[in-house]
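Q: Generate a structure from the sequence data that follows.
(one chain, ligands or ions: 1)
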Amino acid sequence: MKIQNTQSKKLFNDAKKLMPGGVNSPVRSFKAVGGTPHFISRGDGPYIFDEDNNKFIDFTCSWGPLILGHNNKLVKNSIKEVLEFGTSFGTPTRRENILAKLIIDSIKSIEKVRFVNSGTEATMSAVRLARGYTKKDLVIKFEGCYHGHADIFLSNAGSGLATFDQPTSPGVPQAVVDSTITLDFNDIKQVRNTFEKYSNKIAAVIVEPVTGNMSVIKPKKEFIQGLRELCTKYNSLLIFDEVMTGYRVSHGGAQYHLNVEPDITTLGKVIGGGLPVGAYGGKNEIMSYISPEGPVYQAGTLSGNPVSMSAGIAMLKQLENKKVYEHLNHITNYLSSGLIEISQKYNYPMIVNSFCSMVGIFCTNKKVEKYKDISKECVNNYNDLHNYFLENNIYFPPSAYEALFLSTEMKTNHIDYVLSVFEKFVKNY
Ligand SMILES: *Cc1c(COP(=O)(O)O)cnc(C)c1O
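A: Numbering: from 1, shown residues only. This next block holds a predicted model:
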């Protein structure tokens, strides 16, 4: 039954001679799940096709951005239209205003926004802004949340609670992460203790309000509200990293569902419609600290690029239709309840955490509320599941720590197929 992967294997061998690990981003390499990554030649609606012309239902959606599925017609037309006039001018352009307005009108906590080229740039700049604005240095983050690959984020907790971090990558100086403190997600007590210990020194707390990078973990109410209260009390800024959740879980971001307003929001992925983009925004008063209005420096040769803006505009306009999220909610629930039902029927260990169009699968029976709850067994089981699905033309993210993303192009028949494959898998388990 194994699907043919000849062309991808050949291309991957060539790629490994040309690029480190054969890829331009590590998780694409399939290192976590084993096997060879599929080289994709085209996408269409809910499907991707590889170089051997295998067809897959795609649950990665380019790691989040493609909420309307592959090759969306209006996004494509919008890009074509702008290409007629040139690709970059290094000057202000009309489309930046349009996309900025769309974002400000939909995310309540954003009054002004700055465009950058990736999520990494957005989070990195947001922390610089928070430090510049508060004139403090320390930053609290949470284990398992991903905020891109800037030095300040590549760290984990030192030994003992609320001590300073250690780098998780060679090349990151200890001095850089001396100002980062990593705590457990969903543990407000740890955060409170840390604020009490370093009361006047914490510039910001950065968090994925609903995580997608240790798969999907929802915040406890007391946790997310507690972060808001503590940041306000100690004059620190709360940064919601909504690079993944922004426009994916609702038109107003995860903050809309959680009813908590951050001081700064970072965006990326969906707002670029599949082109490279990032953004950060917040209240006027805070954003006025950014150059050239204020003293905190941040720039970008291709920032606000007309092609990316154009794709983003076409994307966000389509997301104004409430039916988009209604449909996504519906098929998300359809998938998660189906998975749960089958796993219970066959006594297969599985917990499904879903949040409108993001689905987290944990192959375990134990509650998952923080990074440390994701066991080795959980990961190994997921890898088996991933491989089985791949052989049956279903493309799940090649890592147990990644969320599944659904698109509007997915209908109940696609989900029914996934559930039938899942049932075969657990029957043989
Ligand atoms: C993807 C992601 C980033 C990094 O964005 P890039 O565009 O890959 O640099 C940052 N934060 C979160 C929450 C993300 O999901």
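
Q: going forward, measure contacts between C-alpha atoms and count neighbours the same way
A: Noted.

Q: which helix in this protein runs the most residues?
A: Counting residues, the longest helix found in the chain (DSSP state H) is helix 322-345.

Q: who touches Pro173 in this structure?
A: Shown in contact with Pro173 (CA atoms under 8 Å, 6 or more residues apart in numbering): Pro167.

Q: who's in contact with Lys283?
A: Residues near Lys283 by CA under 8 Å, 6+ apart: 109-112, 263-264.

Q: Need the contact partners of whichever helix or strand comes after the longest helix of the chain.
A: Sequence-wise, the next helix or strand downstream of helix 322-345 (DSSP states H and E) is strand 351-355. By CA under 8 Å, 6+ apart, the residues outside strand 351-355 that reach it are 216-218, 249, 329, 332-333, 336, 339-340, 359-367.

Q: Just the buried ones out of these, please.
A: Buried by 16 or more other CA atoms under 10 Å: 216-218, 249, 329, 332-333, 336, 339-340, 359-364, out of the contacts of strand 351-355.

Q: neighbours of the residue of the stretch 51-200 of the chain found nearest the ligand, just the number please.
A: Per CA to the nearest ligand atom, Gly119 is where the stretch 51-200 of the chain lies closest to the ligand, at 3.2 Å. Neighbours of Gly119 under the rule other CA atoms under 10 Å: 25.

Q: same thing with Arg94?
A: 9.

Q: Near the ligand, which residues of the stretch 51-200 of the chain are found?
A: Contacts of the stretch 51-200 of the chain with the ligand, taken as CA under 6 Å from any ligand atom, map to 118-120, 146-148.

Q: So which of these sit within helices?
A: Per DSSP H, helices hold the following members of those: 119-120.

Q: which two from the residues of the stretch 51-200 of the chain next to the ligand end up farthest apart in space?
A: Greatest spatial distance in these: Ser118 and Tyr146, 13.5 Å, computed using CA to CA.

Q: per-residue pLDDT, the nearest residue in space to Gly226 that is not next to it in sequence?
A: Once flanking residues are discounted, Gly226 sits nearest to Ile188: 6.4 Å by CA to CA, 6 or more residues apart in numbering. Per-residue pLDDT puts Ile188 at 98.

Q: Would you quantify the distance from Thr168 to Val176?
A: 12 Å (CA to CA, to the nearest Å).

Q: again, but for Ile57
A: Distance of Ile57 to Val176, computed by CA to CA: 42 Å.

Q: Please say which of those two ends up with more neighbours.
A: More crowded of Ile57 and Val176, by other CA under 10 Å: Ile57, with 25 against 16.

Q: Secondary structure class of that one, three-state.
A: Taken by DSSP: H, G, I helix; E, B strand; the rest coil, the conformation at Ile57 corresponds to strand.

Q: Isn't it up against Pro46?
A: Yes: using CA atoms under 8 Å as the test, Ile57 is close enough to Pro46 to be in contact (5.7 Å).

Q: Which helix or which strand is home to the residue of the stretch 151-300 of the chain found nearest the ligand?
A: Among all residues of the stretch 151-300 of the chain, Met244 sits closest to the ligand, at 4.2 Å; criterion: CA to the nearest ligand atom. Assigned by DSSP H and E, Met244 belongs to no helix or strand.

Q: Quickly note the distance from it to Tyr133.
A: Going from Met244 to Tyr133 by CA to CA gives 25 Å.

Q: Enumerate every residue touching the spatially most central residue of the chain.
A: Nearest to the centroid of the C-alpha atoms of the chain, with distances taken as CA atoms, centre = their mean, sits Met244, at 2.9 Å. Shown in contact with Met244 (CA under 8 Å, 6+ apart): 64-65, 212, 267-270.

Q: which one of the residues of the stretch 51-200 of the chain next to the ligand is nearest Cys378?
A: Closest approach between those and Cys378, by CA to CA: Tyr146, at 19.5 Å.

Q: So Phe195 sits against Ile202, correct?
A: Yes: assessed by CA under 8 Å, Phe195 is found in contact with Ile202 at 7.3 Å.

Q: Between these two, which contacts overlap?
A: Shared contacts of Phe195 and Ile202, counting by CA under 8 Å, 6+ apart, come down to Tyr234.
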